[in-house]
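In: please find the sequence and the predicted model below.
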Amino acid sequence: MNKKDLSLAALSGVLLALAFPMFDIELLAWIALVPLLFSINGKNPLQSIYLGITAGLVFNLILLYWIPVPITIYGKLPLPAGIVLLLLLASYLSLYTATLAFLVTFFRTRMGIPLVLSAPVVWVSLELLITYFLTGFPWGVLGYSQYLNLPVIQIADVTGVYGISFLIVVVNAGIYRVIERYMEGLSFRHGRSIWVALFVLLTAIGYGYWRLGSLGIRNPQSAIRIGIVQGNIDQDQKWDTEYQRETVDAYLALSRKVSEGGVDLIIWPETAVPLYFQMDETYKPEILKAAKEMKSYILFGSPAYEKDFDAVRYYNSAFMISPDMKVVGRYDKMHLVPFGEYVPLKKLLFFVDKLAEGIGDFSTGDGIKTLKMSDAEVGTIICYEGIFPNLSRKIVKEGANLFVNITNDAWFGRTSAPFQHLSMYSLRAVENRVPVVRAANTGVSAFIDERGVVTSSTGIFERGYLKAQVYVSGSKSFYTRFGDLFAYVCAIATLVLLTVAVKIVPKGSK
């Protein structure tokens with residue numbers, strides 16, 4: 001392994017990271033893997049692993065540089081501990097890139113399969129695995145880098161975000177082959193890989209423009225007037241009982257401002273009400289009365305609990321109240337944040353405490369529940385639940401025609417993480433053709449339409465509100481109906497290739 005190959009692999013990691021927020025140089029994603037593919041050219045599968053690790057490690061260290069922020073500032077751990085945890089997470093994630101490098105090299109040496117065919121299939125299979133393995137952490141899925149590239153992301157209503165990743169890797173492999181043929185003194189015009197990549201790219205873009213045109217017509221009767229309130233409550237004060245009055249008053253005051261002229265729904269962020277709303281006698285009547293005065297539904301986050309004999313289960317919940325002062329629904333978060341909302345393997349990791357303050361370990365909700373209002377069925381996504389495509393899909397399949405994401409991204413500080421988090425909801429909107437309304441405590445709060453366009457948004461760490469008309473429909477996309485069919489086909493294809501490749505006896509072997 002020479003320095004040139006390691007440098008090429010590291011360059012791929014840098015280019016990949018620059019394609020994501022806040023850099024947002026999304027065009028770099030289309031060439032980011034080319035250096036890595038050159039670095040593994042001529043290497044055996046085991047040598048390719050080290051180069052894959054290098055690319056993955058550099059990519060994830062840059063993408064996730066913010067990990068020490070919540071760990072050190074809010075988890076109260078020393079900075080070296082935060083850095084070690086970042087290195088551990090980045091090292092784990094780099095194993096997926098290493099697996100990609102190993103498998104495409106293995107398939108090429110055993111069966112002569114071109115990279116343009118093997119690389120995208122393997123990449124998608126690994127992204128699917130990373131979504132579910134060890135509770136899942138699909139934060140750096142390649143398709144998210146294109147959230148601003150509207151014609152490209154429209155295929156997500158068929159393939160999910162994984163189809164965009166597939167497309168990017170196909171193009172990378174095609175560009176690699178063009179350069180390789182040029183260096184060999186061959187004409188690219190007779191290279192089949194190049195034409196495969198070009199065909200896939202043009203088909204996807206053509207579909208994208210067609211879908212964008214067909215989505216331009218809206219029914220005025222489907223419009224819902226929605227207000228978002230961003231309280232910008234300091235994380236250090238959030239669970240301090242001395243600040244409860246100030247917190248609730250801030251949300252009520254902003255709600256009255258956003259309701260001027262009339263709104264149908266007002267949304268507050270995750271745990272905006274930092275107390276047990278269901279049993280509170282001080283603030284609950286005030287919030288119920290406010291809904292009546294503003295003639296609006298209010299959806300907000302608040303912890304909840306259920307008693308089962310001597311046991312008490314706590315939940316990270318969303319409540320919806322109606323203009324007639326009734327609690328019309330509650331959704332309990334189903335996909336919890338490890339070490340943020342609960343400690344996995346708690347008996348083994350007894351010395352580890354979670355980052356979230358003010359409450360014991362949360363329990364998972366018992367199922368998907370839409371919150372119904374007069375003109376919509378709201379599918380609530382709490383915090384990072386929205387980074388899991390299949391969960392959002394199931395919510396829409398259960399009848400939701402509007403996504404509401406309530407979150408508290410104060411944990412991330414002034415880093416790129418809130419913007420990375422936001423980008424994923426553009427894909428949730430496109431996949432299911434359902435608009436997203438996002439209320440974040442410290443930002444980014446936003447309205448996202450069914451094309452994936454962020455139509456308006458706030459800055460981070462500012463107090464304010466947004467107001468817009470949101471259009472809902474009852475139609476369900478191919479992705480909503482059939483889920484990650486495309487990704488599973490890629491996974492099956494990868495397993496078939498691996499099975500065949502293992503059975504092939506290499507040349508020169510007895």
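Out: Everything's here; your move. Numbers count the residues shown, from 1 in each chain.
In: so which residue is dead centre in this structure?
Out: A centroid search over the chain (Cα atoms, centre = their mean) returns residue 387, at 2.8 Å, as the residue closest to the centre.
In: I'd say it and residue 140 touch.
Out: No. At 10.3 Å, residue 387 does not count as touching residue 140 under the criterion of Cβ atoms under 8 Å. No exception for glycine: its C-beta is placed from N, CA and C like everyone else's.
In: neighbours of the closest residue to residue 25 other than its chain neighbours, how many?
Out: Excluding its sequence neighbours, the residue lying closest to residue 25 (Cβ to Cβ, 6 or more residues apart in numbering) is residue 18, at 4.9 Å. Taking other Cβ atoms under 10 Å as the neighbour definition, residue 18 ends up with a count of 19.
In: contacting residues around residue 18?
Out: Counting by Cβ atoms under 8 Å, 6 or more residues apart in numbering, residue 18 touches 25, 28, 62.
In: what residues are up against the residue nearest to the centre of the chain?
Out: When contacts are counted by Cβ under 8 Å, 6+ apart, residue 387 is found next to 138-139, 421, 424.
In: per-residue pLDDT of it, please?
Out: We have a pLDDT of 96 for residue 387.
In: next: residue 343.
Out: Per-residue confidence for residue 343 comes out at a pLDDT of 65.
In: hang on, the earlier thing: which two in the contacts of residue 387 are spaced the farthest apart?
Out: 138 and 421 (12.3 Å; Cβ to Cβ).
In: more neighbours, those two?
Out: More neighbours sit around residue 421 than around the other of residue 138 and residue 421, counting by other Cβ under 10 Å; the figures are 23 against 20.
In: OK, contacts around the closest residue in space to the more buried one that isn't next to it in sequence?
Out: The shortest distance from residue 421 to any residue that is not its chain neighbour, by Cβ to Cβ, 6+ apart, is 6.1 Å, and that residue is residue 409. Residue 409 sits next to 417-418, 421, 440-444, 460 when contact means Cβ under 8 Å, 6+ apart.
In: going by distance to residue 133, which of those residues wins?
Out: Proximity of those to residue 133 was ranked by Cβ to Cβ; the top entry is residue 421 with 20.8 Å.
In: wasn't the closest one part of a strand?
Out: No. With DSSP: H, G, I helix; E, B strand; the rest coil as the criterion, residue 421 is helix rather than part of a strand.
In: quick check: it vs residue 325, distance?
Out: From residue 421 across to residue 325, the span is 34 Å (Cβ to Cβ, to the nearest Å).
In: can you list the domains in the chain?
Out: Taking automatic domain parsing as the reference, the chain has its domains at 3-215+484-503, 220-472.
In: mind listing what's buried in stretch 292-306?
Out: Judged by neighbour count (16 or more other Cβ atoms under 10 Å), stretch 292-306 contains these buried residues: 294, 296-305.
In: output that stretch as PDB, restricted to C-alpha atoms.
Out: Output for stretch 292-306, consisting of C-alpha atoms alone and laid out as PDB, is shown next (Å, rounded to 0.1, in the frame of the first residue of the first chain):
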ATOM      1  CA  LYS A 292     -59.800  28.000  22.200                       C
ATOM      2  CA  GLU A 293     -58.900  31.700  22.000                       C
ATOM      3  CA  MET A 294     -56.800  31.200  18.800                       C
ATOM      4  CA  LYS A 295     -59.400  28.800  17.300                       C
ATOM      5  CA  SER A 296     -56.600  26.500  16.400                       C
ATOM      6  CA  TYR A 297     -55.300  23.000  17.000                       C
ATOM      7  CA  ILE A 298     -52.000  23.000  18.800                       C
ATOM      8  CA  LEU A 299     -49.500  20.100  18.500                       C
ATOM      9  CA  PHE A 300     -46.600  20.100  21.000                       C
ATOM     10  CA  GLY A 301     -44.000  17.800  22.600                       C
ATOM     11  CA  SER A 302     -44.100  16.900  26.200                       C
ATOM     12  CA  PRO A 303     -43.000  13.900  28.300                       C
ATOM     13  CA  ALA A 304     -45.700  11.500  29.300                       C
ATOM     14  CA  TYR A 305     -46.000   8.400  31.600                       C
ATOM     15  CA  GLU A 306     -48.100   5.300  32.100                       C
END
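In: ok so, going back, backbone dihedrals for the residue nearest to residue 25, please?
Out: Listed backbone geometry of residue 18 is phi -70, psi -20, with angles given as degrees, to the nearest 10.
In: ok, now which ones touch residue 28?
Out: Neighbours of residue 28 in contact, by Cβ under 8 Å, 6+ apart: 15-16, 18-19.
In: just the buried residues out of the residues you listed, in ChimeraX syntax.
Out: Entered in ChimeraX, the line below selects the buried ones among these, by 16+ other Cβ under 10 Å:
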select :15,16,18,19
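In: for residue 463, which non-adjacent residue is spatially closest?
Out: In this structure, residue 463 finds its nearest non-sequential neighbour in residue 232, 4.1 Å apart by Cβ to Cβ, 6+ apart.
In: ok, so of the contacts of residue 387, who is nearest residue 255?
Out: Proximity of the contacts of residue 387 to residue 255 was ranked by Cβ to Cβ; the top entry is residue 421 with 24.0 Å.
In: so that closest one is in contact with residue 381, correct?
Out: No. With contact defined as Cβ under 8 Å, residue 421 and residue 381 do not form a contacting pair (11.3 Å).
In: re earlier: separation between the residue nearest to residue 25 and residue 29?
Out: Using Cβ to Cβ, we find residue 18 at a distance of 9 Å from residue 29.
In: run through the chain and note the low-pLDDT ranges.
Out: Low-confidence segments of the chain (pLDDT under 70): 188-190, 216-217, 220, 340, 342-360, 505-510.
In: grab the nearest non-local neighbour of residue 144.
Out: Distances taken as Cβ to Cβ, 6+ apart place residue 423 nearest to residue 144, at 5.2 Å, with adjacent residues excluded.
In: swap in residue 418?
Out: Take residue 418 and drop its neighbours on the chain: the residue closest to it by Cβ to Cβ, 6+ apart is residue 409, 4.3 Å away.
In: any idea how far residue 332 lies from residue 100?
Out: Computed as Cβ to Cβ, the residue 332 to residue 100 distance reads 37 Å.
In: who has more neighbours, these two?
Out: Set side by side, residue 332 and residue 100 show unequal neighbour counts under other Cβ under 10 Å, the larger going to residue 100 at 25 against 21.
In: ok now stretch 8-16, how far from the chain's centre?
Out: The chain centroid and the centroid of stretch 8-16 are separated by 22 Å under Cα atoms, centre = their mean, to the nearest Å.
In: revised request: answer the last question for stretch 166-179.
Out: Computed by Cα atoms, centre = their mean, the separation of stretch 166-179 from the middle of its chain amounts to 25 Å.
In: next, the buried residues of that stretch.
Out: Along stretch 166-179, these residues count as buried under the neighbour rule (16+ other Cβ under 10 Å): 166-177.
In: now, which of those sits nearest residue 4?
Out: Checking the buried residues of stretch 166-179 against residue 4 by Cβ to Cβ gives residue 176 as the nearest, at 16.2 Å.
In: quick check: phi and psi at that closest one.
Out: Given degrees, to the nearest 10, the pair of backbone angles that residue 176 has is phi -60, psi -40.
In: would you confirm that it contacts residue 115?
Out: Yes. With contact taken as Cβ under 8 Å, residue 176 and residue 115 are classed as touching, separated by 6.5 Å.
In: so which elements touch the one helix or strand residue 202 maps to?
Out: Following DSSP states H and E, one finds residue 202 within helix 192-214. Applying 3 or more Cβ pairs under 8 Å, 6 or more residues apart in numbering; DSSP states H and E, we find helix 192-214 packed against helix 115-132, helix 150-153, helix 161-183.
In: how close does the residue nearest to residue 484 when sequence neighbours are not counted sit to residue 408?
Out: If the residues on either side of it in the chain are set aside, residue 484 comes closest to residue 160, at 5.4 Å by Cβ to Cβ, 6+ apart. Per Cβ to Cβ, residue 160 is found 27 Å from residue 408.
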